[in-house]
Every structure is written in C-alpha cells, then in structure tokens.
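# Test case, fold it:
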Amino acid sequence: MIPPIHLKSLVLKEISTFKLAIPLFYLKPLCCLFSLTICLDQCFDDFGDIYQIIFRLPFLKYAKLIISKYEELDINIPIATNKQYSTIEYLVIHHRCSLNELTVILSRTPQLSHLYCLNISRSDEIIEQEVSTILPNLVHFSLSLNYIEFDEFKELIIQISSRLKLLSVTIKCVDKSYLDASLWEKLILEHTPDLSRFIFCYADAINDDFEMSPCHASIDRFTSSFLVQRQWNFRIIVADDEVIYVIRPYEATSVNCPKYTHINAYSNQNTINDGVIDNRQKDANSSVSYSSIVSLFVRDSPLGQMNKPFD
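The predicted structure follows:
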C-alpha cells in the first residue's frame with residue numbers, strides 16, 4: 001500500500017485502546033500531518049502511552065483527545081528532558097485529567113498557544129521532581145476545574161508564565177476564595193497583565209451545608225472599576241439549588257474551541273480530498289487512493305466488541 005504522504009488531518013474514532021497505538025506508530029514519517037483527533041468512548045489502559053506517541057510526531061500542530069466517559073484514567077508520562085518536547089500548538093484535553101498529569105503534559109508542550117482542558121481534578125500526590133511548565137506562547141487558556149482550590153489554580157497560572165489574552169475558567173469547588181475579587185485582581189495584574197477577555201463561572205450549591213462567608217459579604221467588589229474598565233460584566237444567576245457567579249466580556253462571545261485553521265493554512269483548498277475508512281462497512285471491491293488523501297477519518301468496530309486483546 002502506498003503511504004498517504006500528503007495526509008494533513010487524521011481522525012481516529014471508536015478504536016479500541018490496545019489497537020490505537022498501531023496506526024499512531026506509523027504516523028511519524030508523515031511530514032504533512034498537522035492535525036490529529038482521537039475519539040474514544042472509554043479507556044482501560046494507560047493513556048500516557050498514547051500521549052507519548054503523539055508527542056513524538058514531529059510536525060503535529062493540533063491535537064484533540066476525547067474520552068466520552070469521565071472515569072478515572074491512568075496517564076503516566078515521564079517528566080520531559082531535553083529533546084523530548086512536542087511541536088503541538090493547539091491542544092484539546094477532553095477527558096478526565098488530574099492537575100499533576102496536566103502539569104507533566106504541559107512540560108512536554110512548550111509551544112502551546114491554545115489550551116483547552118475540560119475536566120481537571122485535584123491531585124492527591126505531590127510531584128517530587130521539579131517540573132518546568134513555562135508556556136511563553138500561550139494566549140488562550142480554557143479549563144474546567146473540579147475540587148481544585150484557588151491557591152492550586154493560582155500556582156498553575158504562575159507556573160505557566162504566559163502572555164494570556166483569554167482566560168476561561170469554570171469552577172466546581174467548595175473553596176469560596178474564588179469569590180474574592182481582590183484575589184483575582186491581584187492574580188491578573190501580576191501574572192496575566194495582557195489579559196483582555198476573562199470568562200468566569202462559579203457554581204455555589206445551596207444545600208443544608210450552605211453558609212455565608214466573608215467572600216459572600218464582599219461580592220460587590222466584582223463591580224469595581226477594575227472590571228468595568230476592562231468591559232467585563234459580572235452577574236449573579238439564582239437557580240433552585242445553586243447560585244452561579246459569572247464574569248464575561250460585555251459583548252456576546254463564544255468560547256468554543258475554534259477549528260484549527262490547520263488544513264487551509266497548509267494546503268490549497270482546491271486540492272483537498274477526504275477519505276473515510278470504516279471497519280464496519282468494508283467493501284472488498286472499493287479502493288482508496290491513499291497517496292492523494294489530505295483528510296482521513298478512520299473508525300473501527302464498536303469499542304464494546306473488542307477492547308482487550310485477550311479474555
């Protein structure tokens with residue numbers, strides 16, 4: 001088979017985890033492969049092995065990793081040493097990931113400009129080895145935090161040491177420090193001075209354990225000149241069982257992950273060809289000219305039918 005040497009974009013979907021490493025292993029020679037998307041329903045193996053293969057792809061600029069079921073994952077990745085850095089600039093982490101695991105991932109991706117983390121949870125263990133997570137090119141950071149205290153989040157922002165233009169953060173945590181406007185003002189002024197767009201959402205559950213805190217008493221500080229001058233609008237939404245505190249730019253915005261203009265930026269639109277390989281609908285008489293494919297979608301049998309090599 002002639003290798004698809006012009007392949008620029010690849011989507012791998014519904015492939016069992018133990019088989020996923022096989023196609024990834026053969027991607028390294030593809031000098032045009034800039035975009036990779038992996039969609040899984042679940043993962044029973046160490047997903048760190050997949051990350052390490054992806055980090056070795058020498059021309060990759062965009063990576064999106066989706067695992068639909070938010071279960072505990074093993075993501076064991078060695079801390080980066082010299083010459084172990086990835087070329088990825090856009091990274092979408094759409095699966096459960098601990099703060100420690102994210103830290104190690106960031107140590108491997110110093111060229112990131114856009115980062116989306118949709119389920120970051122607290123780490124129980126402490127990383128003993130010093131890890132460098134400086135991301136000097138990062139301008140867009142969107143993340144959802146689960147039970148991560150403000151001081152831990154603050155440390156992450158400080159470690160990144162970036163020139164953020166947009167920060168979007170959704171918080172699920174009992175730590176009311178997130179509602180302290182003075183802490184946010186200090187963090188932004190000292191560590192993200194170029195920030196122009198700030199999206200913040202904190203849900204405060206109303207239940208039998210609900211108590212007013214000093215942060216609640218000073219909530220009006222979110223209407224200070226600091227936010228007004230930046231045209232950031234603060235509002236409170238009261239629902240049946242929770243109070244939601246929101247900060248957004250005045251104008252309507254969408255913070256969905258933009259489709260990386262990866263294909264158009266690197267190829268002539270008039271020559272793009274799409275290929276689809278579906279293991280469930282194989283046709284023995286069909287043929288695909290792999291050498292001409294630019295964008296390829298590969299789908300295997302449903303994960304439930306074969307997720308392990310052996311019983």
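
# how about the strands in the chain?
Taking DSSP state E, the strands of the chain run over residues 9-13, 35-40, 62-67, 90-94, 97-98, 114-121, 140-146, 166-172, 197-205, 232-238, 242-249, 274-278, 295-299.

# Who does Ile38 form a beta bridge with?
For Ile38, the beta-bridge partners under DSSP bridges are Leu12, Leu65.

# and the gap between it and Phe44?
15 Å (CB to CB, to the nearest Å). To be clear about C-beta, it is placed using only N, CA and C from the backbone, and glycine gets the same treatment.

# These two: who's more crowded?
A count of neighbours by other CB atoms under 10 Å puts Ile38 above the other of Ile38 and Phe44, at 22 against 14.

# from memory the more buried one sits against Leu12, does it?
Yes. Assessed by CB atoms under 8 Å, Ile38 is found in contact with Leu12 at 5.0 Å.

# Between the two, which contacts overlap?
Each of Leu20 lies in contact with both Ile38 and Leu12 under the rule CB atoms under 8 Å, 6 or more residues apart in numbering.

# Enumerate every residue touching the nearest residue to Leu164 once chain neighbours are set aside.
Excluding its sequence neighbours, the residue lying closest to Leu164 (CB to CB, 6 or more residues apart in numbering) is Thr192, at 4.6 Å. Taking CB under 8 Å, 6+ apart as the contact definition, Thr192 lies against 157, 162-164, 167.

# List buried residues within these.
For the contacts of Thr192, a burial check counting by 16 or more other CB atoms under 10 Å picks out 157, 162, 164, 167.

# Next step: those residues restricted to helices.
Ile157 (DSSP state H).

# And the buried ones among the contacts of Thr192, which two are furthest apart?
The most widely separated members of these, counting by CB to CB, are Ser162 and Leu167 (9.8 Å).

# anything in contact with each of these two?
141, 192.

# ok, so of the contacts of Thr192, who is nearest Phe198?
The closest of the contacts of Thr192, once distances to Phe198 are taken by CB to CB, is Leu167, at 5.6 Å.

# wait, doesn't the closest one sit right on Phe153?
No. Between Leu167 and Phe153 there is no contact under CB under 8 Å: 10.6 Å.

# Can you tell me how far the closest residue to Ile93 other than its chain neighbours is from Ile160?
Leaving aside its sequence neighbours, Ile93 sits nearest to Cys117 (CB to CB, 6+ apart; 4.7 Å). Distance of Cys117 to Ile160, computed by CB to CB: 12 Å.

# do the same with Asp204
Relative to Ile160, Asp204 is positioned 27 Å away (CB to CB).

# do Val238 as well
Separation of Val238 from Ile160 (CB to CB) stands at 34 Å.

# The two: which is more packed in?
Taking other CB under 10 Å, Val238 and Ile160 do not tie; Ile160 has more neighbours (21 against 9).

# Now that one: closest residue in space, sequence neighbours ignored.
Here the residue nearest Ile160, using CB to CB, 6+ apart, is Leu135, at 4.9 Å.

# Run a quick neighbour tally on the one you found.
22.

# And for Gln229?
8.

# mind checking how far it is from Ser218?
19 Å.

# now Lys28: how far from Phe59?
Here Lys28 is placed at a distance of 9 Å from Phe59 (CB to CB).

# same question, Trp184
39 Å.

# Looking at the two, which one has more neighbours?
Trp184 (21 against 14).

# so what's the more buried one up against?
Phe200.

# Please pull out the lowest mean pLDDT helix or strand from this protein.
One helix or strand of the chain scores below all others by mean pLDDT, DSSP states H and E: helix 262-266, with a mean of 35.

# any idea which of the contacts of Thr192 is least confident?
Lowest pLDDT among the contacts of Thr192: Ser162, with 77.

# Not counting sequence-adjacent ones, nearest residue to it?
Using CB to CB, 6+ apart, the closest residue to Ser162 is Leu138 (3.8 Å).

# any idea how far that neighbour is from Cys97?
Distance from Leu138 to Cys97, by CB to CB: 17 Å.

# cool, and Asp220?
Taking CB to CB, one finds Asp220 at 35 Å from Cys97.

# Likewise for Val228?
35 Å.

# Those two: which is more packed in?
Cys97 (23 against 12).

# Many thanks, have a good one.
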